[in-house]
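**Q** What follows is a predicted structure for the sequence shown.
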Amino acid sequence: VSDMESNKIEFSKIRNEASPVEFNDTLVINVNTRGGDITALSTLDDKLIIFKEKAIFFLSGDGPNNLGEQDTFIEPELVTDDVGCVTQNSIVRTPEGLMFKSQKGIYLVNRSLGVTYVGAPVEAFNDLNIKAANLVPTKNIAIFLTDKEALVFNYFMNKWGTFTNHSGISATTLNNIYYYIRDNSEVYKEASHFTDVGSFIKLKVETSWLSFSGIQGYQRIYRALVLGQYKSAHKLQIQVAYNFKDAFVQSKIIDTSDFTSDTVYGGDSPYGAGTPYGGGGNQYQARVNFKTQKCQSIKVKIEDSQSTNYGEGFELSNILFVVGAKRGEFKTDQARIYGTE
């Protein structure tokens, strides 16, 4: 295929009701060969976005009539020659614009035709093949299905995440419900359960490394207070790692039934029969003391476990750390101290 053929857009005549789609040899748009071959087309408001291997163009206007006259299409204009789209399966329209995968990761072309790199938090997955990209507006997310797992972008919170045990060959959104097809041709449907094909789905939260006295400062972290909302019966596991060492060396499993119940305050029968008076209600708050208080950094992982009657478990709203800063830098082990010759 010549450069001219791979940079040509052919479009149909204006279709009349009850008539087939028809073409005319003159209804052709030639796009500049800059940026390689055309790889995908999409629409954004009143514009046609033309994706190439290493560039993006746009086209606007109403086009000609069926005789090729009164053509108001503009010459395709360059948006950027820095990035292009590598697969049409990666394009998804969001409220901000079009997200797509380039050779350098996932980018966004917004409604003002500005192009920005939005995939930095998931660039470790750039080698995965995106099979489908779909918007789930009821959840404010865009799901990029790959052959390994799914990359999930929450466009309301502007945050990335991943769905594990979620890979396949294609996906779609129908009536705001998400469906995807696995490699074995099984079709899965989004549901409001807290299981995945019978397996419990944990709520797992892991912080980054937290340093309250600078990156390599010295601090004493006394304790943490966890605040949230009780949803259903579960046990809460809290694990702690220190000083940039990835291994979690402190672990505590909390049975939340010790301080919560399914009975709201005042729901005891008779009223006042519980302890404390009136019933404890669902106050979801716990305190965890740390074993290694003097440290330069700390990382905390929180997750729930359930055995039967799987439910939402809990909703986490805040973690408060009680910290005292110390003077100077972190006290390095003697074996890690070196001089110069």
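**A** Yes, it's here.
**Q** Quick check: bridge partners of residue 153?
**A** residue 142, residue 160 (DSSP bridges).
**Q** In PDB, list the C-alpha atoms belonging to stretch 232-244.
**A** Extracted in PDB, the C-alpha atoms of stretch 232-244 (Å, rounded to 0.1, in the frame of the first residue of the first chain):
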ATOM      1  CA  SER A 232     -21.000  -6.000  57.200                       C
ATOM      2  CA  ALA A 233     -19.300  -8.600  59.400                       C
ATOM      3  CA  HIS A 234     -15.600  -8.900  58.700                       C
ATOM      4  CA  LYS A 235     -12.100  -9.000  60.300                       C
ATOM      5  CA  LEU A 236      -9.700  -6.200  59.600                       C
ATOM      6  CA  GLN A 237      -6.000  -6.900  59.100                       C
ATOM      7  CA  ILE A 238      -3.500  -4.100  59.500                       C
ATOM      8  CA  GLN A 239       0.200  -4.600  58.500                       C
ATOM      9  CA  VAL A 240       3.100  -2.200  58.900                       C
ATOM     10  CA  ALA A 241       6.500  -1.900  57.200                       C
ATOM     11  CA  TYR A 242       9.300   0.400  58.300                       C
ATOM     12  CA  ASN A 243      12.400   2.300  56.900                       C
ATOM     13  CA  PHE A 244      11.800   1.600  53.200                       C
END
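**Q** Mind listing residues that contact it?
**A** With contacts defined as C-beta atoms under 8 Å, 6 or more residues apart in numbering, stretch 232-244 is touched by 209, 226, 247-257, 262, 286, 288, 290-292, 295-306, 309, 311-314, 330. Every residue, glycine included, has its C-beta placed from N, CA and C.
**Q** Only whichever of these are buried, select them in ChimeraX.
**A** Command for ChimeraX, covering only those of those found buried under the criterion 16 or more other C-beta atoms under 10 Å:
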select :226,248,250,254,256,286,288,290,295,296,297,298,299,300,302,303,304,306,311,312,313,314,330
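**Q** Kindly list the longest strand within the chain.
**A** strand 314-329 (DSSP state E).
**Q** Would you mind pulling up the elements that it packs against?
**A** strand 217-230, strand 298-305 (3 or more C-beta pairs under 8 Å, 6 or more residues apart in numbering; DSSP states H and E).
**Q** Would you single out the least confident of those?
**A** Ranked on mean pLDDT, the bottom entry among those is strand 217-230, at a mean of 90.
**Q** list the buried ones in that strand?
**A** Going by 16+ other C-beta under 10 Å, strand 217-230 has these buried residues: 217, 218, 219, 220, 221, 224, 226, 228, 230.
**Q** So which bits of stretch 126-144 are buried?
**A** Residues of stretch 126-144 classed as buried: 128, 130, 131, 132, 133, 134, 135, 141, 142, 143, 144 (neighbour count, 16+ other C-beta under 10 Å).
**Q** Good, we can wrap up now.
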